[in-house]
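In: make a model of this:
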Amino acid sequence: MVIPSDSWQKAIETVQQRFERAYRNELPALPPEAQALSLYESWHRGTLVSPFWEIAKFAKKQRCLDLGCGPSFLVYPCWQEWDLIFYGRDVSPSLCQMMNARGSQLNSKLYKRTEFGVAHHLPYEPAFDRVIATGVSCYFPLAYWEEVIAAVRRVLKPDGALVFDAIDPASPAAEDWAILETYVGAEGFLTPLAEFRTLIQDLGGKIQAERSGNPFVLYRVIFPTAKAG
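Out: Sure thing, here's the model as predicted:
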């Protein structure tokens, strides 16, 4: 599968390669100095995640789109506890194949599909109650996130919300996370949180809820005055 060619192609291919290696258990062994970093154990086990379900304010039977979904539907109980209709999107072909093979086996009524694709081009109707995007913004500059938010606005229902996370550069573990990602060939962006808040406001968004973490901060954003462009 090929990523559509545009100005973000190289950056997206870097992220794709990083996660393809992870899902195939092909990440390189890290040296002792990297393994001594504060985040290494949770990062290595894949448990360094943002608990988006704590801030999403789900309701039963909502339609959700998970960008950069990873194995989300298979590992987080929130999808079945809330009877959420799941659509995934990811740039890892291996992940998409695995999700589509196992997701419907787990719950065919809730699991719809996981599509190979990028986060800033979303070929869907405005039919989603929630768009989830955790572990996405930290791999790209803010200009890319501006395109993602614009795409998300177009596929949200009028009362829908975007739930996403960002690295807090002031958190104790932020630099450790960036160092670990460098070892596996990815680039981490430690964008000041104030810049995310300004961008959201400029795009007609409103932060409804926020949850601090280390190193990720979660946001729930609505677009009360924004119309699809």
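In: for stretch 158-166, what is the average pLDDT?
Out: Across stretch 158-166, pLDDT averages out at 97.
In: if you count neighbours, what's buried in that stretch?
Out: 160-166 (16 or more other Cβ atoms under 10 Å). For glycine as for every other residue, the C-beta is placed from the backbone atoms N, C-alpha and C.
In: send the alpha carbons of stretch 137-156 over as CSV?
Out: The C-alpha coordinates for stretch 137-156 follow below in CSV (Å, rounded to 0.1, in the frame of the first residue of the first chain):
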residue,chain,number,x,y,z
SER,A,137,0.0,15.0,17.0
CYS,A,138,3.3,14.3,18.7
TYR,A,139,4.9,13.0,15.5
PHE,A,140,4.1,16.0,13.3
PRO,A,141,4.6,19.8,13.4
LEU,A,142,1.6,22.0,14.2
ALA,A,143,1.0,22.8,10.6
TYR,A,144,0.1,19.2,10.0
TRP,A,145,-2.3,19.2,13.0
GLU,A,146,-4.0,22.2,11.5
GLU,A,147,-4.9,20.1,8.5
VAL,A,148,-6.0,17.2,10.6
ILE,A,149,-8.4,19.3,12.7
ALA,A,150,-9.9,20.8,9.5
ALA,A,151,-10.5,17.3,8.2
VAL,A,152,-12.0,16.2,11.5
ARG,A,153,-14.4,19.1,11.5
ARG,A,154,-15.9,18.0,8.2
VAL,A,155,-16.7,14.5,9.4
LEU,A,156,-18.1,15.3,12.9
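In: packing partners for the lengthiest strand in the chain?
Out: Counting residues, the longest strand in the chain under DSSP state E turns out to be strand 156-167. Here strand 156-167 touches strand 128-133, helix 174-183, strand 216-222, going by 3 or more Cβ pairs under 8 Å, 6 or more residues apart in numbering; DSSP states H and E.
In: ok, the most far-flung residue of the chain relative to its centre to Ala173 distance?
Out: Within the chain, the residue lying farthest from the chain centre (Cα atoms, centre = their mean) is Pro32, at 29.1 Å. Distance of Pro32 to Ala173, computed by Cβ to Cβ, to the nearest Å: 19 Å.
In: starting at the chain centroid, how far to the longest strand of the chain?
Out: Centroid displacement of strand 156-167 relative to its chain, using Cα atoms, centre = their mean, to the nearest Å, is 11 Å.
In: and what of stretch 13-30?
Out: Per Cα atoms, centre = their mean, the centroid offset for stretch 13-30 relative to its chain is 17 Å.
In: where does the chain dip in pLDDT?
Out: For the chain, applying pLDDT under 70 flags the ranges 1-5, 225-229.
In: try 50
Out: Counting by pLDDT under 50, the chain contains low-confidence ranges at 1, 226-229.
In: contacting residues for Glu125?
Out: Residues counted as contacts of Glu125 (Cβ atoms under 8 Å, 6 or more residues apart in numbering) are Val155.
In: and what about it, helix, strand or coil?
Out: Look at Glu125: counting by DSSP: H, G, I helix; E, B strand; the rest coil, its state is coil.
In: any idea how far it is from Arg63?
Out: Taking Cβ to Cβ, one finds Glu125 at 10 Å from Arg63.
In: now Gln35
Out: Distance from Gln35 to Arg63, by Cβ to Cβ: 41 Å.
In: give me the more crowded residue out of these two.
Out: Neighbour count, other Cβ atoms under 10 Å: between Gln35 and Arg63, Arg63 has more, with 18 against 13.
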